[in-house]
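show me the folded form of this:
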Amino acid sequence: MSGWPYFPLWVADEDRKMCAEKRRNTVDNASTPVTVLVFGALRRFMDDQNLPYELKRPVPEEGISAYDIAESISVPPSGIEAVFRNGRVINIHDRVYPKDRLAFFPYGTPGPYRVFLGMVRENKKRKLRETVSASE
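Residues are numbered from 1 along each chain as shown. This is a model prediction of the structure:
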């Protein structure tokens, strides 16, 4: 996993963002896909299409939302409780960039882990974002 910035929690968000931006602006990113992993009950959608549980998907240099990637591989976003990008929980509407690793997890993660991993926080943000979008 060389080349992927993993930071301790004490590193400032601005530093993480700056490093990620530098990584995204490298020359070879335009042709580099994102790695997508699908876990748990969501794997049945991959089985239905005879697709592997880990696959690569091309993404534009400016990025694409995890929601759009899920739809492109026919995994219903409504069945996804957590999205991990490079080992950290993100909102399903956040952008994913070339060279990122993306993982989709279904509903059913045990209670305390949902809080520790940040899944509860991101699901609240997701619900708010989808409520605002629906009212517009």
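
for stretch 69-78, measure first residue to last.
From the first residue to the last, stretch 69-78 extends over 13 Å; the measure is Cα to Cα, to the nearest Å.

where does pLDDT dip in this protein?
1-31, 109-111, 113-116 (pLDDT under 70).

all strands for it, in order.
With DSSP state E, the ranges of strands along the chain come out as 34-38, 54-57, 64-65, 80-85, 88-90, 95-96, 101-106.

can you tell me the strand partners of the second one and which way each runs?
Take DSSP bridges as the rule and strand 54-57 pairs in its sheet with strand 34-38 (antiparallel).

tell me which residues in the partner strand are buried?
Using 16 or more other Cβ atoms under 10 Å as the test for burial, strand 34-38 gives Val34, Val36, Leu37, Val38. Any C-beta I mention is one placed from the backbone N, CA and C, and that applies to glycine too.

and of these, the nearest to Pro60?
Proximity of the buried residues of strand 34-38 to Pro60 (Cβ to Cβ) peaks at Val34, which lies at 10.5 Å.

that closest one and Leu42: what is the separation?
Distance, Val34 to Leu42, using Cβ to Cβ, to the nearest Å: 17 Å.

how about Ile92?
Ile92 is 13 Å from Leu42, by Cβ to Cβ.

what's the overlap in contacts for these two?
Residues touching both Ile92 and Leu42 by Cβ atoms under 8 Å, 6 or more residues apart in numbering: Ile80.

and the nearest residue to Leu42 once chain neighbours are set aside, what is it in contact with?
Among residues not flanking Leu42 along the chain, Pro106 sits closest, at 4.8 Å (Cβ to Cβ, 6 or more residues apart in numbering). By Cβ under 8 Å, 6+ apart, Pro106 lies in contact with Phe39, Gly40, Ala41, Leu42, Gly79, Ile80, Glu81.

and the two most separated of those residues?
Of all pairs in the contacts of Pro106, the most separated under Cβ to Cβ is Phe39 and Gly79 at 11.5 Å.

can you give me the helices for this structure?
Taking DSSP state H, the helices of the chain run over residues 13-24, 43-48, 66-72, 111-116, 119-135.
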